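J.: Sequence and predicted structure below; questions after.
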Amino acid sequence: MTTVIECKNIRKIYTEGPQDVEVLKGVSLQIEAGEQVAIVGSSGSGKTTLLNMLGGLDLPSSGQVLVAGKNLATVNETVRGQLRNKYLGFVYQFHHLLNEFTAAENVAMPLLIAGLATAEVEERSQSMLARVGLAERASHKPAELSGGERQRVAIARALVTEPACVLLDEPTGNLDRGTALEIQALMADLNEKLNISFVIVTHDEAFAGSLGRKLELRGGVLHG
C-alpha cells in the first residue's frame, strides 16, 4: 500500500506563562491510500492539534510529519503550501465558505490557486458539485444553502484537487442527525469511488466505529 501521510514520534509543547504544556507525547501514525481513520478523544485531548500537524498547518516541537515523503518541517512555507494544495484537502465543523461567492466559485478556489486554466476549473468544479449531489445548486451562495448543503460544498472544495487525503475536523458536529448521516454516507461513497483517504476527528462514536480504523488520543498518546 502507498503511505500518504506519516508522522514519527511527534511532540507538541505549548508554553503558557511559566509552564510548558505537552499536548502530544510522541505520536506515530501512518495513513495509507484509501483508508478511513477516525480519531476520537475528550475535549482538549489534542485531536485538532494532531490534525493540524498532519496537514502542515502547525509544526511539531519535535518529530517528523511526512506528506508524500517530504518532511513538512524542513521545507519552506511556499513548498508546504504547494504540498497541502496538491496532496491534502481540509473540511471543518464550520464550512468556512466565502459568502460572497457561489457554490461553484467556492469549489473552484483551490484550482484557481493551483493556476489551472479557466475552462478546466469550471469543468472540474461543476463535476465535483455533481458528485456531492449539488449540480443544481452551483449558482447559489452559501446563505441560500442549508447547513447540509454548505457542508457538501466544503467537501467538494476539499476533493476538487483530487488529493491523496482529506482531513476533517468534526465535519458533522454542526448538523442535525439526519443530515449528519447523509454526509457520512456521502463520504463513504466518495472514499470507495475515488480511493481518497479520510482522517476524521469526531465525537460521534457511531460514526467513528463505522470507519476502517478508530484511534483514541488520550493523555497525549494515540491508542488504537
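T.: All right, it came through fine. Residues are numbered from 1 along each chain as shown.

J.: Buried residues, the least confident helix or strand in the chain by mean pLDDT. List them.
T.: Sorting the helices and strands of the chain by mean pLDDT, DSSP states H and E puts helix 177-194 at the bottom, at a mean of 80. Using 16 or more other C-beta atoms under 10 Å as the test for burial, helix 177-194 gives T179, A180, E182, I183, Q184, L186, M187, L190, N191. Bear in mind the C-beta positions are built from the backbone N, C-alpha and C, glycine included.

J.: Parallel or antiparallel, list what pairs with the helix or strand following it.
T.: As assigned by DSSP states H and E, the chain's next helix or strand after helix 177-194 is strand 197-201. Counting by DSSP bridges, the strands paired with strand 197-201 are strand 36-40 (parallel), strand 165-169 (parallel).

J.: Show residues contacting strand 197-201.
T.: Residues from elsewhere that reach strand 197-201 (C-beta atoms under 8 Å, 6 or more residues apart in numbering): 4-5, 31-40, 47-48, 50-51, 54, 164-171, 187, 191, 207-208, 211.

J.: From the rest of the structure, what touches whichever helix or strand comes after it?
T.: Next along the chain after strand 197-201, taking DSSP H and E as the criterion, comes helix 205-209. Outside helix 205-209, the residues that touch it by C-beta under 8 Å, 6+ apart are A38, V40, T172, A180, Q184, I200, T202, K214.

J.: In the residues you listed, which has the lowest confidence score?
T.: Of all the contacts of helix 205-209, T172 has the smallest pLDDT value, namely 76.

J.: Counting neighbours, what do you get for the residue nearest to R137 when sequence neighbours are not counted?
T.: Once flanking residues are discounted, R137 sits nearest to A103: 5.6 Å by C-beta to C-beta, 6 or more residues apart in numbering. By the measure other C-beta atoms under 10 Å, the count of residues near A103 is 29.

J.: which residue packs closest to K25, ignoring adjacent ones?
T.: Excluding the flanking residues, the one nearest K25 by C-beta to C-beta, 6+ apart is G220, at 3.6 Å.

J.: The one you found and V23, how far apart?
T.: In this view, G220 and V23 are 6 Å apart by C-beta to C-beta, to the nearest Å.

J.: Please enumerate the shared neighbours of these two.
T.: When C-beta under 8 Å, 6+ apart defines a contact, the residues bordering G220 and V23 alike are G46.

J.: Pull the most distant pair out of the contacts of helix 205-209.
T.: Pairwise distances across those (C-beta to C-beta) peak at 17.3 Å, for the pair A180 and K214.

J.: Quick check: which helices or strands does the least confident helix or strand of the chain pack against?
T.: strand 36-40, helix 147-159, strand 197-201 (3 or more C-beta pairs under 8 Å, 6 or more residues apart in numbering; DSSP states H and E).

J.: which of those has the lowest average pLDDT?
T.: Ranked by mean pLDDT, the helices and strands packed on helix 177-194 bottom out at helix 147-159, with a mean of 86.

J.: buried stuff in that one?
T.: Buried, per 16+ other C-beta under 10 Å, within helix 147-159: G148, E149, R150, Q151, R152, V153, A154, I155, A156, R157, A158, L159.

J.: With stretch 9-27 instead?
T.: By neighbour count, with 16+ other C-beta under 10 Å as the criterion, the buried positions of stretch 9-27 are I10, R11, K12, V23, L24, V27.

J.: Can you give me the end-to-end span of that stretch?
T.: Distance between the two ends of stretch 9-27: 5 Å, counting by C-alpha to C-alpha, to the nearest Å.
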